[in-house]
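Chemist: Below: sequence and its predicted model.
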Amino acid sequence: MRTVVQKDKSRVGGTGGRTVRGGLAVLAVTALAAGCTHNPTDARPATVRRPFLAPAARALDAYATRLRAAHTARVAAAKRWHLKQVPLTAPPPPAKKPRITTREGFEVDGHEELGLPPVFTTVPTKEKIVFLTVDDGAEKDPAFLRMMRELKVPYTAFLTGFLIKEDYGYFKKMQADGVTLNNHTLHHPYLPGLSRAGQKREICGMQKILARHYDKRPTLFRPPYGSYDEDTLRVAKSCGIAYAPLWAEEVFADHWEYRERDRDLHPGDIVLSHFRGRRHWNGTMCDMVRRFLDKVTAEGYAVARLEDYL
């Protein structure tokens with residue numbers, strides 16, 4: 001049986017103008033024919049009316065107004081959180097999802113034949129996007145929630161049972177912001193060191209915790225330390241897991257680490273971080289987000305939602 005071990009730094013125990021003008025002209029002629037023009041002898045004051053907009057033009061006008069408002073808010077948030085640039089907006093997710101396969105060298109015996117969850121570090125795409133994922137749940141910083149909400153930056157959480165039980169409400173707020181809460185086991189063990197039954201308790205047990213407190217069983221699972229074997233993926237599949245994303249880069253409050261030798265970002269890369277604060281890092285989670293966004297924005301990348309591509 002083949003065991004796959006990854007290095008992990010975590011220490012846890014419209015309508016054009018011609019058509020609209022044409023519509024206005026028809027309306028004007030119709031009004032004249034019906035005698036609906038202003039009578040100079042009428043004693044009532046004339047009413048100043050706003051220009052008529054056809055439905056499609058009204059919709060475009062409203063959409064443009066919303067875009068301007070959203071951009072203004074994003075600029076203000078970037079300034080408030082001391083970012084060097086306004087984060088880029090990700091393109092719409094693809095209508096047809098990319099085919100996700102296991103990265104070469106990350107397979108276990110019978111991986112494809114058994115239909116086991118694919119293990120991958122990058123999503124196939126030509127778009128300049130990356131995905132932020134945050135693991136475990138040790139640090140519960142309210143400022144992090146505010147920052148991500150105000151900046152409207154998507155991210156995906158992988159939670160560990162014993163670390164979230166002291167404050168399930170914190171992650172409920174996160175879920176209300178549109179974040180998917182996924183499985184990172186009950187106790188963060190080295191899974192290949194456990195029996196299949198032991199692995200099942202860790203993975204399926206966490207599925208039950210997430211369903212009980214957040215009303216949903218996730219389909220994403222990340223093994224602690226990025227380490228797994230055939231039993232891990234067999235058990236994960238039996239518990240309802242469809243994907244096992246790992247990571248291509250890891251970002252901390254004060255530095256980055258890379259899996260690839262070129263030490264660079266690539267389209268579709270998954271970036272790992274952790275719920276950590278000054279007790280573990282030389283900085284806060286907000287410092288981590290700032291370092292992450294400053295780099296990816298400077299290199300022309302937007303942050304997309306991982307689940308939209310799976």
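Modeler: Received the coordinates, thanks. A quick note: this is a predicted structure, and the numbers were derived from the prediction, not measured. Numbers count the residues shown, from 1 in each chain.
Chemist: which SS class is Ala56?
Modeler: helix (DSSP: H, G, I helix; E, B strand; the rest coil).
Chemist: With the one 4 residues further on instead?
Modeler: Here Leu60 takes the helix state, with states given by three-state DSSP.
Chemist: For this protein, give me the ranges with low pLDDT.
Modeler: 1-2, 7-54 (pLDDT under 70).
Chemist: mind listing the strands for it?
Modeler: 3-4, 119-120, 129-136, 156-159, 180-183, 228-229, 244-245, 249-251, 256-258, 270-274, 302-303 (DSSP state E).
Chemist: got TSV for the ones you listed, with distance to Val289 too?
Modeler: All C-beta spots, glycine's among them, are computed from the backbone N, C-alpha and C. Converted to TSV, those look like this (distance: least, C-beta to C-beta, whole Å):
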stretch	distance to Val289
strand 3-4	30
strand 119-120	24
strand 129-136	8
strand 156-159	14
strand 180-183	18
strand 228-229	28
strand 244-245	20
strand 249-251	9
strand 256-258	13
strand 270-274	8
strand 302-303	10
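Chemist: Just put the ones you listed in CSV and tack on distance to Gln85 and mean neighbour count.
Modeler: Putting the strands of the chain into CSV (distance: least, C-beta to C-beta, whole Å; neighbours: other C-beta atoms under 10 Å) gives the following:
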stretch, distance to Gln85, mean neighbour count
strand 3-4, 37, 18
strand 119-120, 29, 24
strand 129-136, 15, 25
strand 156-159, 23, 24
strand 180-183, 27, 24
strand 228-229, 37, 26
strand 244-245, 27, 24
strand 249-251, 17, 22
strand 256-258, 17, 13
strand 270-274, 18, 24
strand 302-303, 12, 20
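Chemist: Of those, which is nearest Met148?
Modeler: Across the strands of the chain, Met148 has its closest neighbour in strand 129-136 (9.1 Å, C-beta to C-beta).
Chemist: Roughly how far does the closest residue to Arg103 other than its chain neighbours sit from Gly268?
Modeler: Distance criterion C-beta to C-beta, 6 or more residues apart in numbering; nearest residue to Arg103, sequence neighbours excluded, is Phe120 at 5.2 Å. Counting by C-beta to C-beta, to the nearest Å, the separation of Phe120 from Gly268 is 9 Å.
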